[in-house]
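> Below is the sequence, then the predicted model.
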Amino acid sequence: MSSCSQRVRIALCIKELTWTSHALRLDTGEHAQPEYLKINPQGLVPTLINNGEVINESIDILHYIEEKYGSIGSQSMGYSVNKDSLHLLKKIDDAQKDVKTCSFYFLFRVRSMMNPDQFEYFQKNHSNQYLVNFHERFRDGLEIKEVKDSVERTRLFFEFIEAKLNHKESYLLDGSFSICDLALIPNVHRFSLMKWPFERYPNISSWFKKIKANYWFQEAILNWEPQEMLGKFSSFVDKDKNDNVSAFL
């Protein structure tokens, strides 16, 4: 359910590329194994390996796929590099930290954590200190201020996206589907699982309805999500109205 991995799977589906998945259990700390850190020193997912080329960051992978396979498949992502689109793409990518914080607080508290031995190994061996520190805070219980700040930044982010869609109509850039729309999809989907009140954002709601109608949304996102876990998320979100994301807005 990694949102960054979802981005890449969407791109692979759109371009109709054949690929092989090597899944890692993040909840047991498999991304701290030396075999993985050799190919991705930051220990983050996803990593794409293609004919010996190794690309780590999800946005870099999207650029790579678009540049190398832009003409493959029935759709084009309409890739264009300019100052405005790069700024927008960075803004969407920067929002990932708040996706992580909110996901762990509003959803992943129902998921099992690494056991003590796994976490000790993770602390000692994972090279990304930011990620280690985050998991330490999560195990101790994220402070409410950190969660509130994250929700507030997300609110401002979605207000920005709502206005952007209103200005550009159908999609974020020039009315056509682009790499910026692709990067945004997992963010909106993840917050929809938290039951973010998207009814307050008619442009985002309309955009997301269009996105979900594509076959690749099912193939790249929905088919990978464990139904049992989704059920737990839904029950958890509904359990305490004073502890869900709407209560923080």
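Yes, it's here.

> Only C-alpha atoms from now on, for both contacts and neighbour counts.
OK.

> chain center to the lowest-mean-pLDDT helix or strand in the chain, what's the gap?
Taking mean pLDDT, DSSP states H and E as the measure, helix 83-94 is the helix or strand of the chain with the lowest mean score, a mean of 87. Between the centre of helix 83-94 and the centre of its chain there are 15 Å (CA atoms, centre = their mean, to the nearest Å).

> how big is the angle separating whichever helix or strand comes after it from helix 83-94?
Following helix 83-94 in sequence order, the next helix or strand is helix 96-106 (DSSP states H and E). Orientation check (axes from the mean of the first three to the mean of the last three CA atoms, to 10 degrees): helix 96-106 against helix 83-94 gives 30 degrees.

> Which elements pack onto the helix or strand just after helix 96-106?
Proceeding C-terminally, helix 96-106 gives way to helix 116-125 as the next helix or strand, assigned by DSSP H and E. Contact partners of helix 116-125 among helices and strands, from 3 or more CA pairs under 8 Å, 6 or more residues apart in numbering; DSSP states H and E: none.

> In this structure, which helix is the longest?
With secondary structure taken from DSSP state H, the chain has its longest helix at helix 144-168.

> and the angle from the helix or strand following it to helix 83-94?
Remark: after helix 144-168, the chain's next helix or strand is helix 179-193, criterion DSSP H and E. Computed by the same axes, to 10 degrees, the angle separating helix 179-193 from helix 83-94 equals 30 degrees.

> just checking, what packs against the longest helix of the chain?
For helix 144-168, the packing partners by 3+ CA pairs under 8 Å, 6+ apart come out as helix 96-106, helix 202-212.

> in the protein, which segments are predicted with low confidence?
Along the chain, segments meeting pLDDT under 70 span 71-82, 167-169.

> Tell me which residue lies farthest from the centre of it.
Of all residues in the chain, D117 has its C-alpha farthest from the mean position, at 27.7 Å, by CA atoms, centre = their mean.

> how near is it to T28?
When distance is defined by CA to CA, to the nearest Å, D117 is 10 Å away from T28.

> so who does the residue farthest from the centre of the chain touch?
Taking CA atoms under 8 Å, 6 or more residues apart in numbering, we find D117 in contact with no residue.

> Let's see that with 10 Å instead.
Neighbour list for D117: 28, 123 [criterion: CA atoms under 10 Å, 6 or more residues apart in numbering].

> same thing with D98?
Listed by CA under 10 Å, 6+ apart, the contact set of D98 reads 104, 146-147, 149-154, 187.

> Identify the farthest-apart pair in these.
Distances among the contacts of D98 were taken as CA to CA; the most separated pair is E146 and N187, at 18.6 Å.

> out of those two, which sits in the more crowded spot?
A direct count of neighbours by other CA atoms under 10 Å for E146 and N187 places N187 higher, at 23 against 12.

> Give me the distance between the more buried one and H22.
23 Å.

> which one of the contacts of D98 has the most neighbours?
Neighbours here mean other CA under 10 Å. Within these, the largest count is held by N187, at 23 neighbours.

> Test my guess that it contacts V99.
Yes: using CA atoms under 10 Å, N187 makes contact with V99 at a distance of 6.6 Å.

> Name the residues contacting each of those two.
Shared contacts of N187 and V99, defined by CA under 10 Å, 6+ apart, comprise 3, 93, 154.

> Can you tell me which of those is closest to D181?
Closest approach to D181 among the shared contacts of N187 and V99 (CA to CA): D93, at 11.5 Å.

> Next, count neighbours for that closest one.
By the criterion of other CA under 10 Å, D93 has 18 neighbours.

> Tell me which residues touch it, please.
For D93, the contact set (CA under 10 Å, 6+ apart) comprises 4, 58-59, 87, 99, 180, 183-184, 187.

> Report the next helix or strand after the one helix or strand Q6 maps to in sequence order.
If you go by DSSP H and E, Q6 is part of helix 3-14. Sequence order places helix 34-39 as the next helix or strand after helix 3-14, per DSSP H and E.
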